[in-house]
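J.: sequence-free structure coming up:
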C-alpha cells in the first residue's frame, strides 16, 4: 500500500482549492452571464487575483497544516477567514477599476467559494467517519472486542471519543453513565447516557459489559477506588484517560488509554512549575547530577534535559544504571547538547575534585546516597562513607570550583532520626548548609518522603509479592509514610534549586501520610485480586524503622511557602567547625551507630531532646501533616 506523505497531501489540497475557486467563478459566470455588465477579461483577472490572495492567506493561517479528517469549527473559521481576506483584495480591485466590478458577480462568487471549500472538507470528514465506523463494525463482527461503558458525559468523554477517531482505536461503546440528571437519555457522539454511575451493576449485567473507561479527570479518589472495587468484583477491566496534554499533542506513542495506577488512588494533584524561571536558570548551563543512575537522579536528568543545558554530566557508581540513562537521553535528544557519562565514586575525593575542576558545572544536583534503612543498619560504616564523606567531597569540590548552586536531595528520615541512614543524611544536611557563605556557592537541601516506584521501595516489592500469589509482608499495619511520584519529586527539587539563596532546607508538601496497609490493599485491587485471594501479613518493625515519619519538627515549622508545595523549614544552621570536627572523629568502632544518632538528634532537636526520646515518640504517636 502506497503511503502518501504530508507534503504530497498539501500539494493535492492546494491544487484542489485552486480548482474549486476557479469552479466558483465559472459557476457564477454561467449563471449570471446574461446579466453581466463587465468584460470577461476583467472578470478573469479578478478571479486570478482572488485565487492567489486566498492561497497566500491560507498559507499564512496554516490552513494546509490542518489534518482534514478532524476538521472542526476552528478549521472552518480559518478557511472562511482566508476567503474573506481574498474577497477584500477582490473588492479593492473592483473599487480601483469600477468598470470591472459587478456586485452580483462578486457576492455570488464568494458564496460559491465558501460553499465548495468548506463543503469539500466536511464531505471528507463525513467519509472518514463513515470508514471508521465501518471498520469498527467489521472488527467487532470478526474479533472479540470488549463491550465498553464510559463513565462521565462531560468534556473528558468528548475528548475521549475524538481520541478514538484520532488513534483509530476500536471499542464497542454500549453507553455512558453520568450522575447529572439533566444528561439522562441524551446522546454524545451517538452514544446514549444510560443512567447514573451507581447503576453500573445493572447495566453490566443487562448489556454484558466487559470493560470500563473512566472519562472524568476530576473524579474524587474515593469514587475511583469504589469503581476499581466494583470492576474487580464484576471481573471488568478498567482504563482511564491519559493526561489531556498527551491526547491533544496527538503523540501516538503516548496517547493510548492507560490503566489505573497506584498514584491515581493517592489523590495528589501535580504542581505547575515556574517553567520560565527554571528555563532561564538551566538553559545553556553545565549541569552535574550525582547518583544519576538512581530513581531520583535519573528522573532529575530527564527533567533538566528538557531545558537545553549546554552539558549534562551523569555521574554515578553503577555502570549499568549510568549506561541506561545515558542511552535513553541520547536516543531522545541526540546531539542537541553534550551528555557526558562518568563512572565515579563520590567517596573518591581526588577524582570528584578533578571532575568538578574539569567541567566546572554551574549547578550540581546531589542525589547520590545509600537510602535503604535496614541495610544501612547492617552496614553503618558504608552509610557514613557514602552519605557523609561522599557528600562532604562533592560539596567542598563544588565550592572550590565556584559552582553557582548546589542542591542536595534529602529525606524525611532526618527528622528525629532513629536509623543510621537518617542520621547520616541529617549530618550531610549540616555539612551542606554549613558550607554556605555570602557571594559563594548557594547550598541548599530538599527534604521529602518516599517516592512511588523507586528502587527498593515498597511498591515494587508488593507488586512482586502479588505476582507470586502473596502474601504481602508489612512490618506494622499502623505504619504510615508520605508518598509522591518520582517525576513530581524531581521537578520540585529542580524548582527549589531556582529559589535557593543559601543555607535553606526546603520541605516538599507530601500531602497526608498514607497507611502502608491501605497502599497494599489498593495494589491488590489494581492487580485484579481481592484481599481474600492475596493475604497481607504483619512481620514486625525492622531495625531503624519508624512507625510514622515526619517532615519537620514543631520548632522547625515556619509555614512559609515559597512556591506551591515548597516550604522553607526553620532549621538552625550548625556551626561548620563543630560538624567537621565530629565528622573527622568518626572511626570504625562498635559505637558508631549510637554516636551518629546521638549527634544527629542533639542538633536536630536543638538540644531539647535525646535520641532515645525521639525513638519513644515515633513509636507511639502518629503526627499530623505539617501542611
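T.: Good, I have the coordinates. None of these values were measured; they are calculated from a predicted model. Numbering: from 1, shown residues only.

J.: Helices of the stretch 501-627 of the chain, start to end?
T.: 516-526, 576-585, 592-604, 611-620 (DSSP state H, counting those that start in this stretch).

J.: Kindly report the same for the stretch 101-250 of the chain.
T.: Along the stretch 101-250 of the chain, counting by DSSP H, counting those that start in this stretch, helices occupy 103-142, 155-167, 200-207, 221-234, 244-248.

J.: mean pLDDT for the helices of the stretch 501-627 of the chain: which is lowest?
T.: Lowest mean pLDDT within those: helix 611-620, at a mean of 35.

J.: Need the residues that contact stretch 325-340.
T.: The contact list for stretch 325-340, computed with CB atoms under 8 Å, 6 or more residues apart in numbering, reads 292-293, 298, 301-302, 305, 308-314, 341, 359. C-beta here means a position set from N, CA and C on the backbone, and glycine is covered the same way.

J.: Can you turn the buried part of these into a ChimeraX selection?
T.: In ChimeraX, this line selects whichever of those come out buried by 16 or more other CB atoms under 10 Å:
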select :292,293,298,301,305,309,311,312,313,314,341,359
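
J.: which stretches of the stretch 301-450 of the chain form helices?
T.: Counting by DSSP H, counting those that start in this stretch, the segments of the stretch 301-450 of the chain that form helices are 319-333, 349-359, 373-378, 380-383, 391-400, 420-434.

J.: Dump the ones you listed to TSV, plus mean pLDDT and distance to residue 205.
T.: Listed next are those as TSV, based on pLDDT from 0 to 100; distance: least, CB to CB, whole Å:
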stretch	mean pLDDT	distance to residue 205
helix 319-333	93	46
helix 349-359	95	65
helix 373-378	88	49
helix 380-383	88	57
helix 391-400	95	60
helix 420-434	91	52
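
J.: These: which one's closest to residue 287?
T.: Nearest of the helices of the stretch 301-450 of the chain to residue 287, taken as CB to CB: helix 349-359 at 9.7 Å.

J.: quick one: the closest one to chain centroid distance?
T.: Taking CA atoms, centre = their mean, to the nearest Å, the mean C-alpha location of helix 349-359 is offset from the chain mean by 34 Å.

J.: Check which residues of that helix are buried.
T.: Buried residues in helix 349-359, counted by 16+ other CB under 10 Å: 349, 351, 352, 353, 355, 356, 359.

J.: Provide a list of residues in contact with the third one.
T.: Residues counted as contacts of residue 352 (CB under 8 Å, 6+ apart) are 344, 346, 393, 394, 397.

J.: From residue 391, how far out is the last one?
T.: Put plainly, it is residue 397. 11 Å (CB to CB, to the nearest Å).

J.: between the two, who's got more neighbours?
T.: Set residue 397 next to residue 391 and count neighbours by other CB atoms under 10 Å: residue 391 wins out with 27 against 22.

J.: Double-check that one against residue 364; I have them as touching.
T.: No - between residue 391 and residue 364 there is no contact under CB atoms under 8 Å: 11.1 Å.

J.: about what we covered before: tell me which of the helices of the stretch 301-450 of the chain is the most buried.
T.: Comparing these by mean neighbour count (mean count of other CB atoms under 10 Å), helix 420-434 comes out on top with a mean of 27.

J.: how near is the nearest residue to residue 389 once chain neighbours are set aside to residue 47?
T.: Closest residue in space to residue 389, ignoring its immediate chain neighbours: residue 347 at 6.0 Å, by CB to CB, 6 or more residues apart in numbering. Computed as CB to CB, the residue 347 to residue 47 distance reads 80 Å.

J.: now do residue 495
T.: 58 Å.

J.: Where do the domain boundaries of the chain fall?
T.: Domain segmentation of the chain under automatic domain parsing yields 6-125, 144-260, 275-449+484-511+549-620.

J.: which of these sits most buried?
T.: Comparing these by mean neighbour count (mean count of other CB under 10 Å), domain 275-449+484-511+549-620 ranks first with a mean of 20.
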